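A.B. asks: predicted model follows, preceded by the sequence.
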Amino acid sequence: YLEYVRSLKADIVALQELNGYTEESLAEDAKFWGHSYSAILKTDGFPTGITSRYPLQKIQKEVEGYHHGMLSCKTGGIWVYVIHLHPGHWEIRHREVDLLLKTLASHKAKDQVLLVGDFNTFSEQDHKYYSQSPDMIPFFRRLDKRWKSNRNLRDDKLDYSHLTKFEKSGYLDLVAQRRKEFLGTFPTKLRLDEDNGPSRRLDYFFANQALAQKCIDARYLVNKATDVISDHYPAIAEFSVEKP
């Protein structure tokens, strides 16, 4: 994992589910792949984190109103929000999205804003693929029955409207704009003995207009290494922005 991240030579790295990590241990990993700056949302309950070559400014760690919390900062000239929405309830995800949109509304049009991470929900741009999958709805029926607190299905259907809210607010799905074929980000080949359902896209880059116009590339890294590093495939994006 450490070697793979270092091989990417990224300027900014956003991370999910840093269970067992502390500020110190994340800083140690960051140093390994060449980053002098890092922050972790919290130290319990699936924390998110961020590391960067550039100083982290205006770090915000919000827990109230979010199931996992919301970590954000400005680094490398970009406002980065590390997303991890509720894993199993469409209605709770809507509350989280609405809360985040209130925060995003405070940004000026010239601000370069990036939302990145595990949104745990579905894009209307993938509707055609999902509609052709015979096990998609049956899987979520099984999942919602398995976990009584879950409500992934809304009226026995996938809910695409979470991401539509971001799109209506001017945020663009960078990978969908550039892909030549559908690639899911979950599950990988790490836990083949479990019933994790059909391949689906849960991880996204959403950028506002000011940043999206500077995007050179955005894609998922699906290969033999990432098959087994995590249960989600990573994403990478490149931007042409002025260095701070």
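C.D. replies: Here it is on my side, so go on. Numbering: from 1, shown residues only.
A.B. asks: and the residue nearest the centre of this structure?
C.D. replies: Gly117 (1.1 Å; Cα atoms, centre = their mean).
A.B. asks: any idea what it is bridged to?
C.D. replies: According to DSSP bridges, the residues that bridge with Gly117 are Ile83, Tyr204.
A.B. asks: ok, it - contacts?
C.D. replies: Ala14, Gln16, Thr48, Tyr81, Val82, Ile83, His84, Asp203, Tyr204 (Cβ atoms under 8 Å, 6 or more residues apart in numbering). Placement of C-beta: from N, CA and C, glycine included.
A.B. asks: the third one touches Tyr21, doesn't it?
C.D. replies: No - checked against Cβ atoms under 8 Å, the pair Thr48 and Tyr21 is beyond contact range at 10.2 Å.
A.B. asks: neighbour count for these two, which is higher?
C.D. replies: Comparing Thr48 with Tyr21 by other Cβ atoms under 10 Å, the one with more neighbours is Thr48, at 26 against 19.
A.B. asks: and the more buried one, what's its pLDDT?
C.D. replies: Reading off the confidence values, Thr48 has pLDDT 98.
A.B. asks: give me the pLDDT value at the closest residue to it other than its chain neighbours.
C.D. replies: Nearest residue to Thr48, sequence neighbours excluded (Cβ to Cβ, 6 or more residues apart in numbering): Val82, at 4.3 Å. In this model, Val82 is scored at 98, pLDDT.
A.B. asks: what's the single longest helix in the protein?
C.D. replies: Looking across the chain with DSSP state H, the single longest helix is helix 90-104.
A.B. asks: just the strands in this protein please.
C.D. replies: With DSSP state E applied, the chain shows strands at 12-15, 37-40, 49-52, 57-62, 70-75, 78-84, 113-118, 172-173, 203-207, 215-220, 235-239, listed in chain order.
A.B. asks: now the longest helix of the chain: buried residues?
C.D. replies: Buried residues in helix 90-104, counted by 16 or more other Cβ atoms under 10 Å: Trp90, Ile92, Arg93, His94, Glu96, Val97, Leu100, Leu104.
A.B. asks: ok, now which ones touch the nearest residue to the fourth one once chain neighbours are set aside?
C.D. replies: Taking Cβ to Cβ, 6+ apart, and ignoring the residues beside it in sequence, His94 has His162 as its nearest neighbour in space, at 6.3 Å. Contacts for His162 (Cβ under 8 Å, 6+ apart) come out as Leu85, Trp90, Arg93, His94, Val97, Phe119, Thr121, Phe122.
A.B. asks: hmm, the fifth one is touching Leu85, no?
C.D. replies: When you say that, I think you mean Val97. Yes - between Val97 and Leu85 there is a contact at 7.2 Å, judged by Cβ under 8 Å.
A.B. asks: and the helices in the protein?
C.D. replies: Assigned by DSSP H, the chain shows helices spanning 2-8, 23-32, 90-104, 127-131, 136-146, 161-168, 174-178, 209-212, 226-229.
A.B. asks: could you dump these into TSV and include mean pLDDT and distance to Leu71?
C.D. replies: Shown next, in TSV, are the helices of the chain (pLDDT from 0 to 100; distance: least, Cβ to Cβ, whole Å):
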stretch	mean pLDDT	distance to Leu71
helix 2-8	98	18
helix 23-32	98	12
helix 90-104	98	12
helix 127-131	97	29
helix 136-146	95	27
helix 161-168	98	18
helix 174-178	98	20
helix 209-212	98	18
helix 226-229	97	21
